[in-house]
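**Q** I would like to see how this sequence folds:
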Amino acid sequence: MKTSPYWRGVWQLADPRLTLASLSSLLIGTAAAARAGPIRVGWLVATVAGIVALEIAKNASGEITDFDSGADGAVTADDRSPFSGGRRVIVDGLLTRTETRTIAAITYGLGIGTGLVIAGWCEPRILWIGVAGTALAWLYAGFPCRLAYRGFGELAVAIAYGPLICSGAYLVQRHTLPSGVILLSLPVGLLIAGFLWINEFPDYKADLAAGKLNLVARLGRPRASHWFAAIIFIAFAIQVLLPACAFPRGVWFGLVGIPFAWAAARRAIRSPDATGRIIHAQRWTLESFVILSLGTAAGLMLTPR
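**A** Now for the predicted structure:
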């Protein structure tokens with residue numbers, strides 16, 4: 001049976017490849033919590049549901065902003081990529097603007113409602129993390145800040161997909177938040193920000209035309225490629241240093257992601273203007289943060305205390 005355009009549009013807004021970012025950070029926070037005590041599965045499921053709902057809401061609200069600004073429509077066929085150019089649900093006629101707005105409202109409501117349930121019946125302090133995460137989800141592309149249009153989107157992503165999600169997952173399970181958990185979240189947060197960074201390369205011309213002045217648009221692709229490599233280096237340098245901050249050496253399992261990240265950085269530097277070649281760098285960057293999160297989680301749970 002052929003899927004209707006509406007449900008194909010919903011699926012594109014909930015793209016599992018992009019949800020991997022939030023789930024990777026959540027995995028590390030949950031693994032750190034599991035090292036300190038038993039996991040309450042019901043509250044973990046609620047946490048996952050709330051985060052995924054906000055992820056879809058962010059994609060939907062951002063889709064409206066990028067459609068209205070012309071950023072998505074200006075991406076040429078040669079610069080399209082599976083990882084960038086927006087979800088294109090409005091541009092490609094899968095969803096109307098009204099339908100996309102409705103999906104955003106419903107999923108924001110589900111995410112906020114789930115957060116309130118967790119705050120009311122499990123951990124009140126999660127409320128502040130939830131407020132910050134929801135604000136960043138909206139303000140990333142929404143008014144009045146439109147962070148992605150002003151060169152602050154990459155920082156917002158590093159914070160949301162690093163400290164906020166990882167710390168929130170730990171806090172819900174343990175009812176406390178050691179400062180070390182924030183440090184533990186930095187490598188994955190930086191790599192996910194790097195994933196956003198490399199995804200901005202194919203959209204460079206369209207973003208400039210639409211006034212979406214993210215950091216790649218501001219720096220230009222050749223300079224931005226070197227900054228991308230620097231982000232990768234800093235992320236793994238922090239991962240190397242984690243055992244010096246009382247974490248088990250098992251977190252070094254996350255370093256298995258280095259070859260993928262290194263290949264992505266080399267490709268970006270050598271071919272910053274070639275979308276066909278950058279697609280491989282996008283995929284390798286995604287694989288690097290997924291592998292880092294899996295390795296870090298395994299190291300935390302398998303290494304004796």
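**Q** Compute the first-to-last residue distance for stretch 159-169.
**A** From its first residue to its last, stretch 159-169 covers 14 Å (Cα to Cα, to the nearest Å).
**Q** tell me what the worst-scoring helix or strand of the chain on mean pLDDT is packed against?
**A** Least confident helix or strand, the chain: helix 5-13 with a mean of 89, by mean pLDDT, DSSP states H and E. Identification of packing neighbours for helix 5-13 by 3 or more Cβ pairs under 8 Å, 6 or more residues apart in numbering; DSSP states H and E yields helix 41-69, helix 97-121. Placement of C-beta: from N, CA and C, glycine included.
**Q** Of those helices, flag the one that's most buried.
**A** Mean neighbours per residue, mean count of other Cβ atoms under 10 Å, is largest over the helices and strands packed on helix 5-13 for helix 41-69, with a mean of 21.
**Q** Give the rounded mean pLDDT of it.
**A** Confidence for helix 41-69, expressed as mean pLDDT, is 95.
**Q** what's the answer for stretch 84-100, then?
**A** Mean per-residue pLDDT for stretch 84-100: 91.
**Q** before we move on, back to that, roughly how far is the least confident helix or strand of the chain from the heart of the chain?
**A** 20 Å (Cα atoms, centre = their mean, to the nearest Å).
**Q** what is the orientation angle of that helix with helix 97-121?
**A** With axes from the mean of the first three to the mean of the last three Cα atoms, to 10 degrees defining the directions, helix 5-13 sits at 50 degrees from helix 97-121.
**Q** list the buried ones in helix 5-13?
**A** Of all the residues in helix 5-13, those buried under the rule 16 or more other Cβ atoms under 10 Å are 9, 10, 12, 13.
**Q** Convert the C-alpha atoms of it to PDB, please.
**A** Output in PDB follows, covering the C-alpha atoms of helix 5-13 (Å, rounded to 0.1, in the frame of the first residue of the first chain):
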ATOM      1  CA  PRO A   5       2.100  12.300   1.400                       C
ATOM      2  CA  TYR A   6       0.900  13.400   4.900                       C
ATOM      3  CA  TRP A   7       2.400  10.400   6.700                       C
ATOM      4  CA  ARG A   8       5.600  10.600   4.600                       C
ATOM      5  CA  GLY A   9       5.900  14.200   5.800                       C
ATOM      6  CA  VAL A  10       5.400  13.200   9.400                       C
ATOM      7  CA  TRP A  11       8.000  10.500   9.000                       C
ATOM      8  CA  GLN A  12      10.500  13.000   7.500                       C
ATOM      9  CA  LEU A  13      10.000  15.300  10.500                       C
END
